[in-house]
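In: need a 3D model of the sequence below.
(one chain, ligands or ions: 1)
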Amino acid sequence: MERKRLRSSSFNETLEEKKARAQRIIEILKREYPRERHVSGDPYRTLIRCIISQRNRDEVTDKVSEELFKRYKSIEEIANESVENMQEFLRKQKVGLWKNKGKWIVEASRIILYKYGGKVPNTLEELMKLPGIGRKCANIVLAYGFGKPAIPVDTHVYRISRRLGLAPINSTPEKVEEILKTLIPVEEWIYVNHAMVDHGKSICRPIKPKCELCPLNELCPKIGV
Ligand code: SF4
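Out: Numbering: from 1, shown residues only. Predicted coordinates for the structure are as follows:
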C-alpha cells in the first residue's frame, strides 16, 4: 500500500486513503443526485448540444437544441445548410457566440458526414479535431453519447474537485481529469460529471457554497472557501 503522505491534499492522507475518500464522495453524490439516465445514446445530438451549450445556461441550451432538431431532421440537412443560415437561426434564438457556433455546427457536421460516413468518431483525439470541440465536449460525447468511461471536467467538476482537495488548487482542468481518473474506479467515471454538476448548482455554488447543508461536509477540507 502507498504509505507516502500526499503533500497536495490538505488532509494528511495517503493515496489509498484519498482514493477511499474520493469513492465515498462519489457514493454520497450518486445517492443525493440520482439520475434516471446518463447516456443519451445519440453521439451526434450530444455533440451538437455541447457546441450550443458553451457559455449558455442549460435552459437556453435545452430550448435551442430542441428547436434546432425540429428544424433540421438529420445530419445531412445540417451539413447541407449554409453557415450564414445556421448563424442566423442561432442569432434569432439569442444564443451567445452564435457566429462561431453556427460555423462549428455546420462544419463539424460536414466532416462527420463526409470524412466519417455520418458516424461521430469515438476517440478523444478524433473528436478534438472537430471544429468547436475541446477536451470537455469530447469527453461529454464519449460519456453521454457513447456511454464510454470518461470524466468531462466542466466548471463545476473543476471547482468542486479542488475545493474537496482531490486535486491541487492550481491544477489545470486537464490535470483535474487525470487525477480524478486515478482516484475513482473506471466504472464510476460516468457519474462524476453529472453528480458534481447537480451538486455545484444546488450546494457547492461558485459563490457562498452552502457547506453547513452539504452531505460532503466531513469529507471536505473546503480549500479556498
Ligand atoms: S463542504 Fe462546502 S466546499 Fe466542500 S463540497 Fe460541500 S459545499 Fe463544497
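In: how about the helices of the chain, start to end?
Out: Under the criterion DSSP state H, the chain contains helices at 15-32, 43-53, 58-71, 75-79, 83-92, 98-114, 124-127, 135-140, 155-163, 173-183, 189-202.
In: for A138, what are its contacts?
Out: Residues in contact with A138 (CB atoms under 8 Å, 6 or more residues apart in numbering) are 124, 127-128. No exception for glycine: its C-beta is placed from N, CA and C like everyone else's.
In: show me the contacts for the residue nearest to the spatial centre of the chain.
Out: What sits nearest the mean C-alpha location of the chain, by CA atoms, centre = their mean, is P152, with 3.6 Å. Counting by CB under 8 Å, 6+ apart, P152 touches 136-137, 139-140, 143, 193.
In: 10 Å - rerun?
Out: Contacts for P152 were tallied using CB atoms under 10 Å, 6 or more residues apart in numbering; they are 50, 135-144, 173, 177, 189, 192-194, 196-197.
In: if we can go back for a sec, single out the most deeply packed of the helices of the chain.
Out: Sort those by mean neighbour count, taking mean count of other CB atoms under 10 Å, and helix 43-53 sits at the top with a mean of 23.
In: what helices or strands is it leaning on?
Out: Here helix 43-53 touches helix 58-71, helix 75-79, helix 98-114, helix 124-127, helix 135-140, going by 3 or more CB pairs under 10 Å, 6 or more residues apart in numbering; DSSP states H and E.
In: could you export these as JSON lines, including mean pLDDT?
Out: Putting these into JSON lines (pLDDT from 0 to 100) gives the following:
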{"stretch": "helix 58-71", "mean pLDDT": "94"}
{"stretch": "helix 75-79", "mean pLDDT": "97"}
{"stretch": "helix 98-114", "mean pLDDT": "98"}
{"stretch": "helix 124-127", "mean pLDDT": "98"}
{"stretch": "helix 135-140", "mean pLDDT": "97"}
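In: for this protein, give me the ranges with low pLDDT.
Out: Scanning the chain for pLDDT under 70 picks out 1-9.
In: can you list the domain ranges for it.
Out: Taking automatic domain parsing as the criterion, the chain consists of the domains 15-36+151-219, 43-145.
In: for the ligand, which of the ones you listed is the nearest?
Out: When the domains of the chain are compared for distance to the ligand using CB to the nearest ligand atom, the nearest one is domain 15-36+151-219, at 3.1 Å.
In: understood, closing this out.
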